[in-house]
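K.L.:
here are the coordinates; sequence isn't available:
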């Protein structure tokens with residue numbers, strides 16, 4: 001996430017013709033370009049996709065991948081899965097919470113804020 005944020009700021013500076021030597025704050029550059037922060041956009045899309053997968057009733061691959069467990073019972077990588085991150089914010093029963101669209105939508109903004117601040 002950090003690399004994406006750095007790349008986005010570099011592109012915004014290039015769009016404005018501003019260099020690092022000008023020592024402009026990132027907030028000032030962001031207000032000029034009016035581009036959404038990449039971390040906020042990614043976290044919002046992640047939350048929406050998780051809700052979409054949780055509400056599905058068919059048995060397609062997206063849900064199977066989300067619920068997959070290795071045969072050995074041990075995971076090597078990635079240490080934190082998507083569902084671990086979602087469960088940390090919405091509770092272990094996050095798939096049932098996602099079925100209530102209004103509740104899921106209300107939790108999204110706090111998730112985006114938390115995810116953006118932590119820089120996951």
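P.N.:
That came through, no problem. Just so we're clear, the structure is a prediction, and the values are computed from it rather than from any experiment.
K.L.:
Okay, and the spatially most central residue of the chain sits in which element?
P.N.:
In the chain, the residue lying closest to the centroid (Cα atoms, centre = their mean) is residue 43, at 2.0 Å. In the assignment (DSSP states H and E), residue 43 maps to helix 38-55.
K.L.:
what residues does that helix touch?
P.N.:
For helix 38-55, contacts defined as Cβ atoms under 8 Å, 6 or more residues apart in numbering pick out 1, 4-5, 8, 62-63, 66, 82-83, 86, 94-95, 98-99, 101, 104, 107-108, 111-112, 115-116, 119. Where you see a C-beta, it was placed from the backbone N, CA and C, and this is true even at glycine.
K.L.:
Show me what counts as buried in that helix.
P.N.:
Neighbour-count burial for helix 38-55 flags 38-39, 42-44, 46-47, 50-51, 53-54 (criterion: 16 or more other Cβ atoms under 10 Å).
K.L.:
What are the boundaries of the helices in this structure?
P.N.:
2-16, 26-33, 38-55, 61-67, 82-90, 94-99, 101-118 (DSSP state H).
K.L.:
ok, how many other residues are close to the nearest residue to residue 32 once chain neighbours are set aside?
P.N.:
Spatially, and ignoring its direct neighbours in sequence, residue 32 is nearest to residue 16 (5.9 Å; Cβ to Cβ, 6 or more residues apart in numbering). As a burial measure, residue 16 scores 14 neighbours (other Cβ atoms under 10 Å).
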